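In: coords below, sequence missing:
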């Protein structure tokens, strides 16, 4: 049962609307708030940061996702993260939800909130409330509404990030669409990222959460830009059932088809985050194949993707394979270095670099050509079994340091 990639983002599914506005929270020259609204109440699922320092919106959303009957709207702001803001900051989440709920005429406990930006500052609530009031009349289900919202939630991102797919479930066309933001402070166990996925599928909350929790491991948690795990990471998945498929309440064929389509959206968004790492010039993908177990492959792939020396070599278009083997060696996973084959691959071709742990006679010029593309892949075959894993990251550039040296000023 195949899926089809379509244009769009959070407004692609039936019944979902969005709007955005320039509230002047931190940025003076762009939109910095977005609102997602469903015409019908939604089953809600979420995955959140593993950082012990959890921002106020994370705590607010966890309460709704885990304990409240449904969700129907999400209010998002960029510029200030509302993290390390104490009881005052948590109170502002409630104020935000109350304001949106009053205008949309829905319960405040069905309004999710998300913030991204500078840690430690309090939200300017007058601007947040004015922003919500400005957005509600602008709600719409058009593609453009979704795209403008995807732009409004950016911080140091350089491009908007959205994706959508359709899949047939029980004779009905079901749509899954989403948007995310994330560029720096991106590291597994969710990245500094906010992700919002919407679907018109009819699916129980339990099955929705199961699908998201399982898929996050293979998508967002396989992304690393810089090794920092954020305080605000949140992925929310809302399902309003408006496609009219027979409700998924168990792990059956429809559930598997839904999960495959969800994976497509999540992977597309995860790769967009990795490819837009702060200051980066290339998306760097590492695939470990021939592993004994999935866990082993994951550890090895992540170790390479987080190696600063490897990332710097990718920036220099230098086939410095020793750095990759070195990163695999200190990963903690067991393998035989003298059995490893390594390839570099991109739109410019594929090249074997080492065989059984030793360099083959390859052309450095050819390797540089392959590594000069905007998307570059390293494939390591460790010849121990048939498990594999893929991780995504980016190169490490001069600009990364510049962006993060003066982020607050």
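Out: Right, received. Where do you want to start? Only a predicted model underlies this, so the values are computations on that prediction, with no experimental measurement involved.
In: show me the contacts for residue 383.
Out: By Cβ atoms under 8 Å, 6 or more residues apart in numbering, the residues touching residue 383 are 290, 339, 340, 341. Heads up, the C-betas are built off the backbone N, CA and C, glycines and all.
In: ranges for the helices of this protein?
Out: For the chain, applying DSSP state H gives helices covering 56-67, 86-104, 125-135, 143-152, 205-216, 253-275, 294-305, 308-315, 321-329, 364-370, 398-405.
In: Make TSV from the ones you listed and add mean pLDDT to it.
Out: Shown next, in TSV, are the helices of the chain (pLDDT from 0 to 100):
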stretch	mean pLDDT
helix 56-67	97
helix 86-104	98
helix 125-135	98
helix 143-152	97
helix 205-216	97
helix 253-275	95
helix 294-305	96
helix 308-315	95
helix 321-329	97
helix 364-370	97
helix 398-405	85
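In: Could you dump the ones you listed into TSV with mean neighbour count and distance to residue 244 added?
Out: Shown next, in TSV, are those (neighbours: other Cβ atoms under 10 Å; distance: least, Cβ to Cβ, whole Å):
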stretch	mean neighbour count	distance to residue 244
helix 56-67	20	24
helix 86-104	18	24
helix 125-135	19	29
helix 143-152	23	22
helix 205-216	20	17
helix 253-275	22	13
helix 294-305	23	36
helix 308-315	20	47
helix 321-329	19	49
helix 364-370	15	48
helix 398-405	13	46
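In: how far does stretch 139-154 sit from the chain's center?
Out: Centroid displacement of stretch 139-154 relative to its chain, using Cα atoms, centre = their mean, to the nearest Å, is 17 Å.
In: Figure out how far stretch 94-109 is from the centre of its chain.
Out: For stretch 94-109, the distance to the chain centre is 26 Å (Cα atoms, centre = their mean).
In: Now tell me what touches that stretch from outside.
Out: Outside of stretch 94-109, the residues within contact range by Cβ under 8 Å, 6+ apart are 35, 37, 41, 60, 64, 68, 72-73, 75, 110-113, 123, 125, 128-129, 132-133, 136.
In: hmm, back to that, can I get the buried part of the contacts of residue 383 as one PyMOL selection?
Out: Buried subset of the contacts of residue 383, written as a PyMOL selection, criterion 16 or more other Cβ atoms under 10 Å:
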select buried, resi 290+340+341
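In: Among the contacts of residue 383, which are located in strands?
Out: Counting by DSSP state E, the contacts of residue 383 place 290, 341 in strands.
In: how about the helices of the chain, which one is nearest residue 175?
Out: Smallest distance to residue 175 across the helices of the chain (Cβ to Cβ): 8.9 Å, for helix 253-275.
In: hmm, back to that, what would the helices of the chain look like in a markdown table with distance to residue 11?
Out: Output for these, formatted as a markdown table (distance: least, Cβ to Cβ, whole Å):
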| stretch | distance to residue 11 |
| --- | --- |
| helix 56-67 | 21 |
| helix 86-104 | 16 |
| helix 125-135 | 14 |
| helix 143-152 | 4 |
| helix 205-216 | 19 |
| helix 253-275 | 14 |
| helix 294-305 | 32 |
| helix 308-315 | 35 |
| helix 321-329 | 41 |
| helix 364-370 | 38 |
| helix 398-405 | 30 |
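In: Of all those, which one is nearest residue 164?
Out: helix 253-275 (6.8 Å).
In: So which other helices or strands are in contact with that closest one?
Out: strand 3-6, strand 161-169, strand 172-181, strand 194-199, helix 205-216, strand 283-291, strand 387-394 (3 or more Cβ pairs under 8 Å, 6 or more residues apart in numbering; DSSP states H and E).
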